[in-house]
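[1] kindly return the folded structure for what I paste below:
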Amino acid sequence: MEPSFIEFDHASLGYGRKVVVRDISFVIQRGEYFGLVGPNGSGKTTILRAILGSIRPRSGQVRVGPTGGPPVRFGYVPQREILDYVLPYTVQQVVMMGRYRQIGLIRRPGKVDREIIQECLEHVAVQDLRDRPFKDLSGGQKQRVLIARALASRPEALVLDEPTNGMDLPSRLSILELIGSLHAESSMTVIMVTHLLDDVANHVKRLAVVERNFFQVGSPEEVLTGANLSALYQIPVAVERVRGRTVVLPGDSHATH
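    Take a look at the predicted model:
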C-alpha cells in the first residue's frame, strides 16, 4: 500500500494550555479529495494548521510527506474574510503573490513567472479580470482569484478553508465544480475545510467529521448519516437523496441514511 501523504497518529492539538482536538488518528492519501467538516469552533482550522505546519502537536505525531523528503508544497486558500480588501491590488498582482516563494523578496518576476500567472488565470476563468482591482470583485470571483494564487506556487496539495462561505447558491456551486475539476484533471491532493454539510456530501471522496467529543472518518455515505448528525448537533437531522444529490435537512424526515 502506498505510504500515507498526511498522517495523524494519536495527535492532540491546541494553543497554550487549551487542548482543542484530542487523540485523533487518520490518514490522507496522495491524490485524495478530503473534507474536514464540523460546526464553527470544533477544531477544523486547528487540524488544518497542523497539516500546514504552523502548529505542532501537543502529543502524538503529525507526519506530512515522505520521511526525510523535501517539505510538501501547499497551495493555501484562506477564508476571504481575513483579507484586507481595501488594499489596491489588481487581480494579476494578487495571483503573482503565489510566486513570491519561488521568486524571492529581492528578484522581480520574470517571463516564466508571468506565463505561470496567465496560465493560472485562464485555468480558473478570470483572465479577463486581470487588471481589475481585487476589492471590486464579487465573492465568487475573489475565490477564483485566490485559487489561482494558490495554484501559482505549483503546489502538491491544495488546501481550502471555507471556500464557499457567504456565497449565494450559484456562486457556491460554481466554486465547488471548479475545485472538483482541478482535482479530477491533475489528481492533486485537495483538502477542503467547511461547516456546510451539503458541500462535502456531494463532492469529497472521504471526510472527517470534527467535534470536541466526536471524530469520525469515512466516506460521506458512512459518516453523514441522520443518526450521526442528530447526535452531533443535538437536533433531529435527516439525510436524503433529492434529484441525485445528497441533502442534509434539519428536522425529522424520510431519511435514506
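[2] so residue 190 sits against residue 34, correct?
    Yes. Counting by Cβ atoms under 8 Å, residue 190 touches residue 34, with 7.0 Å between them. C-betas here are computed from N, CA, C, even on glycine.
[3] how about the lowest-mean-pLDDT helix or strand in the chain: buried residues?
    Within the chain, judged by mean pLDDT, DSSP states H and E, the helix or strand with the poorest mean is helix 100-103; its value is a mean of 76. Residues residue 103 are the ones in helix 100-103 that count as buried (16 or more other Cβ atoms under 10 Å).
[4] how much space between the closest residue to residue 151 other than its chain neighbours and residue 92?
    Residue nearest to residue 151 in three dimensions, not counting chain neighbours: residue 120, with 4.7 Å by Cβ to Cβ, 6 or more residues apart in numbering. According to Cβ to Cβ, to the nearest Å, residue 120 stands 10 Å off from residue 92.
[5] the two: which is more packed in?
    Per other Cβ atoms under 10 Å, whichever of residue 120 and residue 92 has more neighbours is residue 120, with 24 against 20.
[6] helix, strand or coil for that one?
    At residue 120 the chain is in helix, as set by DSSP: H, G, I helix; E, B strand; the rest coil.
[7] try residue 135
    helix.
[8] now do residue 83, the pLDDT please.
    Predicted confidence (pLDDT) for residue 83: 65.
[9] counting neighbours, what do you get for the residue lying closest to residue 154 once chain neighbours are set aside?
    Excluding its sequence neighbours, the residue lying closest to residue 154 (Cβ to Cβ, 6+ apart) is residue 73, at 6.7 Å. Residues near residue 73, counting by other Cβ under 10 Å, number 13.
[10] what's the answer for the one 4 residues further on, then?
    Around residue 77 sit 23 other residues, with neighbours defined as other Cβ under 10 Å.
[11] same question for residue 139.
    Using other Cβ under 10 Å, residue 139 has 16 neighbouring residues.
[12] how about residue 240?
    15.
[13] excluding sequence neighbours, find me the nearest residue to residue 40.
    residue 195 (5.6 Å).
[14] longest helix of the chain, counting residues only.
    helix 169-186 (DSSP state H).
[15] residues contacting residue 146?
    Applying Cβ atoms under 8 Å, 6 or more residues apart in numbering to residue 146 gives the contacts 77-78, 80, 83, 94.
[16] in PyMOL, select just the buried ones from those residues.
    Here is the PyMOL command that picks out the buried ones among the contacts of residue 146, judged by 16+ other Cβ under 10 Å:
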select buried, resi 77+80+94
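[17] the contacts of residue 146 in helices, which ones?
    Among the contacts of residue 146, the members falling in helices (DSSP H) are residue 94.
[18] turn the contacts of residue 146 into a markdown table, columns for distance to residue 9.
    Listed next are these as a markdown table, based on distance: Cβ to Cβ, whole Å:
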| residue | distance to residue 9 |
| --- | --- |
| 77 | 27 |
| 78 | 27 |
| 80 | 33 |
| 83 | 34 |
| 94 | 37 |
